[in-house]
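1. quick one, what's the 3D model for this:
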Amino acid sequence: MSLPISIDPAMRVVYRIAAVALALAVIAAVAWPHVTVERAPRSARLPVMTEVGGDFELMGAGGARVHLHDYHGRAVLLFFGYMHCPDVCPTGLYTLKGVLDELGEAAGRVQVIMVTVDPERDTPEALER
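-> Predicted structure coming up:
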């Protein structure tokens, strides 16, 4: 003998949404191991642009002058930030570190240069610490 069950029409909608969400979760769980993400081949090379910019001079952390030509033959990544940056700069530098770690031995051919946007507080002495 079954008892008649009365379900509120609003609850029927909630149950239907829950059933659809559960079905989608099951489909995703079954399909996920078969999903492949295409990555660029490791041998892909970026174009070398020789006609952009020119040499420049910056003051290094110890106060010594640094020129772009000092890093001839290396890829130079300029990072603009400041030492007292609370969130974006550390995250950006952490991302660059991850890229260099992934490059392995090739990271030796990359030079990251941080250019401060707060020269009043980021003095050569402060940067050297």
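
2. every contact and neighbour count from this point should use C-alpha atoms.
-> Noted.

3. and the residue nearest the centre of the protein?
-> In the chain, the C-alpha nearest the mean C-alpha coordinate belongs to residue 95, at 4.5 Å (CA atoms, centre = their mean).

4. quick one: mean pLDDT for stretch 26-40?
-> Taken as a whole, stretch 26-40 carries a mean pLDDT of 75.

5. quick one: buried residues of that stretch?
-> Buried residues in stretch 26-40, counting neighbours by 16 or more other CA atoms under 10 Å, are absent.

6. again with stretch 79-89
-> Applying 16+ other CA under 10 Å to stretch 79-89 flags 81, 82, 83, 89 as buried.

7. from those residues, which land in helices?
-> Those of these mapping onto helices are residue 89, per DSSP state H.

8. flag the least confident of the buried residues of stretch 79-89.
-> residue 89 (78).

9. quick one: contacts for that one?
-> 81, 82, 83 (CA atoms under 8 Å, 6 or more residues apart in numbering).

10. what are the phi and psi angles of the last one?
-> This means residue 83. Main-chain torsions, residue 83, degrees, to the nearest 10: phi -60, psi -30.

11. is it true that it touches residue 124?
-> No. Counting by CA atoms under 8 Å, residue 124 is not a contact partner of residue 83; they are 11.6 Å apart.

12. on that earlier part again, which of the buried residues of stretch 79-89 sit farthest apart?
-> The most widely separated members of the buried residues of stretch 79-89, counting by CA to CA, are 83 and 89 (8.0 Å).

13. and for residue 108, the neighbour number?
-> 11 (other CA atoms under 10 Å).

14. and if you look at residue 93?
-> Residue 93 - counted by other CA under 10 Å - has 15 other residues nearby.

15. now whichever strand or helix holds it, how far from the centre of its chain.
-> Assigned by DSSP states H and E, residue 93 belongs to helix 88-103. From the chain centre to the centre of helix 88-103 is a distance of 7 Å (CA atoms, centre = their mean, to the nearest Å).

16. what of stretch 106-117?
-> Distance of stretch 106-117 from its chain centroid, counting by CA atoms, centre = their mean, is 15 Å.

17. mind listing what's buried in that stretch?
-> Buried residues in stretch 106-117, counted by 16+ other CA under 10 Å: 114, 115, 116.

18. that concludes my questions; thank you for your assistance.
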